[in-house]
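# no sequence for this one, just the structure:
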């Protein structure tokens, strides 16, 4: 919400390419490896070009975070209209792909206020979207999860899935099988009793 | 488990002081701000002294992580013998103090293998210790949590408490009140029916 939007360049392929490079550096070396010089070097361009698209390092980090956030919100939107929203949301949440990157952003948030604000803003949007998903989808679900209010269920799904992904990356698996079994049981209890009917 | 142990200097006050300085830099600027030069500068000593205690940057990070890990394991040990182990473990887990630091270490773990191994090793020890705590403490608890196996319960407590702490730091609170109420209900259900009797 802080960086100025450059409408003309938002969709540029060069810009997208520079973000891809930044993402790769961040995955391999962490946020500390990202600078206009390191991105320029890896991309084979001049640092001036980086500054043209991303005047400050904050702009670069923010643009990368926003790109991932927008993609996630779009995927959640699709899950929202699926016949098994709860199960599909769970599967989306437990995908390992964005974990390392998110960990870097969480670390950056400790000492870069713009990143902290953006993560908080995105998390709130995402949480609201998921709670709506759940509220509109719950009608078709059985009473298995009725005791847990929707905002609590969304928080729990987020907390548990993030822990799975982070621990998988570290090679820790204690309790995972038991919790996956528990979640499967809840999802089965909560699933529509009849095979889901496709909606028009 | 990789750094050589220097028995003579392990308990040195200079060493502890240098770790305090490193911790402070890490909290304020993130792991990227830590170098033998930055620590030396802030401590008012020469970089050579840093290298004497911590030959490499990995040694410095590992020593800081281990110090916090040892302190945590000791505190868990005390909780283990308290009359309300489950509640006290929960309160210990939801303390916000170590959060920012742990996030930095998790980010470091993405690209520093020694840190990844150490975090994995500590997490396994800590998980084992907590599961034992729970197993030995469960005898006095009611049937409220009996459906959830101990390793699953420990995983869930860890996942939920880490999410609380991380989200509190970001200013996100959606679902928190509902989940805290849920946990309180479970803890009350699980608590000994009679006021806990002090054991000899």
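Now that the structure is in, tell me what you want to look at. Keep in mind that what you see is a predicted model, and the values were worked out from it rather than measured. Residues are numbered from 1 along each chain as shown, chains lettered A, B, ... in the order given.

# Now for chain A, the helix or strand with the poorest mean pLDDT.
helix A:7-10 (a mean of 48; mean pLDDT, DSSP states H and E).

# Quick check: next helix or strand after that one?
Downstream of helix A:7-10, the next assigned helix or strand under DSSP states H and E is helix A:13-29.

# if you look at that following helix, does any of it touch chain B?
Yes: judged by C-beta under 8 Å from any C-beta of the partner chain, helix A:13-29 comes into contact with chain B through A:27, A:28, A:29. The C-beta positions use only the backbone N, C-alpha and C, and glycine is treated the same way.

# what do you get for stretch A:64-75?
No: Stretch A:64-75 does not reach chain B (C-beta under 8 Å from any C-beta); its nearest approach is 13.0 Å.

# can you check stretch A:104-111 too?
Yes: Stretch A:104-111 lies within reach of chain B by C-beta under 8 Å from any C-beta, at A:104, A:106, A:107, A:108, A:109, A:110, A:111.

# Any regions of chain A where pLDDT drops low?
A:1-11, A:98, A:137-147, A:190-200 (pLDDT under 70).

# mind redoing it with 80?
A:1-11, A:80-81, A:96-100, A:133-148, A:189-200 (pLDDT under 80).

# Please list all residues in contact with residue A:170.
Counting by C-beta atoms under 8 Å, 6 or more residues apart in numbering or on different chains, residue A:170 touches B:109, B:116, B:119, B:120, B:123.

# How about the secondary structure of the second one?
Three states are possible here, and by DSSP: H, G, I helix; E, B strand; the rest coil the one that applies to residue B:116 is helix.

# Where do the domain boundaries of chain A fall?
A:10-55, A:58-190 (automatic domain parsing).

# Centre of the chain to the first one, how far?
Meaning domain A:10-55. Relative to its chain's centre, domain A:10-55 lies at 21 Å (C-alpha atoms, centre = their mean, to the nearest Å).

# which residue sits closest to residue A:23 in space, ignoring its chain neighbours?
Nearest residue to residue A:23 in three dimensions, chain neighbours excluded: residue A:64, at 6.0 Å (C-beta to C-beta, 6 or more residues apart in numbering or on different chains).

# Show the contacting residues for the one you found.
Contacts of residue A:64 by C-beta under 8 Å, 6+ apart are A:19, A:22, A:23, A:26.

# if we go to 6 Å?
A:19, A:22, A:23 (C-beta atoms under 6 Å, 6 or more residues apart in numbering or on different chains).

# Please list the residues of chain A that sit near chain B.
Residues of chain A found near chain B (C-beta under 6 Å from any C-beta of the partner chain) are A:29-30, A:32, A:100, A:103-104, A:106-107, A:110-111, A:119-120, A:123, A:127, A:149, A:151-152, A:154-155, A:159-160, A:163, A:170-172, A:174-175, A:178-179, A:182.

# List only those of these flagged as buried.
Buried subset of these (neighbour count, 16 or more other C-beta atoms under 10 Å in any protein chain shown): A:30, A:32, A:100, A:103-104, A:106-107, A:110-111, A:119-120, A:123, A:127, A:149, A:151-152, A:154-155, A:159-160, A:163, A:170, A:172, A:174-175, A:178-179, A:182.

# Switch the contacts of residue A:64 over to TSV; also include distance to residue B:89.
Below are these laid out as TSV (distance: C-beta to C-beta, whole Å):
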residue	distance to residue B:89
A:19	42
A:22	40
A:23	38
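
# So which of these wins on neighbours?
In terms of neighbours by other C-beta atoms under 10 Å in any protein chain shown, the contacts of residue A:64 top out with residue A:22 at 26 neighbours.

# who are the neighbours in contact with that residue?
With C-beta under 6 Å, 6+ apart, residue A:22 has these contacts: A:34, A:39, A:64.

# what about the residue nearest to residue A:23, helix or strand, and which?
Judged by DSSP H and E, residue A:64 forms part of helix A:57-80.

# now do residue A:183
helix A:176-190.

# Can you point out the buried residues in stretch A:59-70?
A:59, A:60, A:61, A:62, A:63, A:64, A:65, A:66, A:67, A:68, A:69.

# wait, doesn't the second one sit right on residue A:51?
No: with contacts counted by C-beta atoms under 6 Å, residue A:60 stays clear of residue A:51, the gap being 9.6 Å.

# Please state the backbone phi and psi of residue A:171?
Backbone geometry at residue A:171, expressed as degrees, to the nearest 10, gives phi 80, psi 20.
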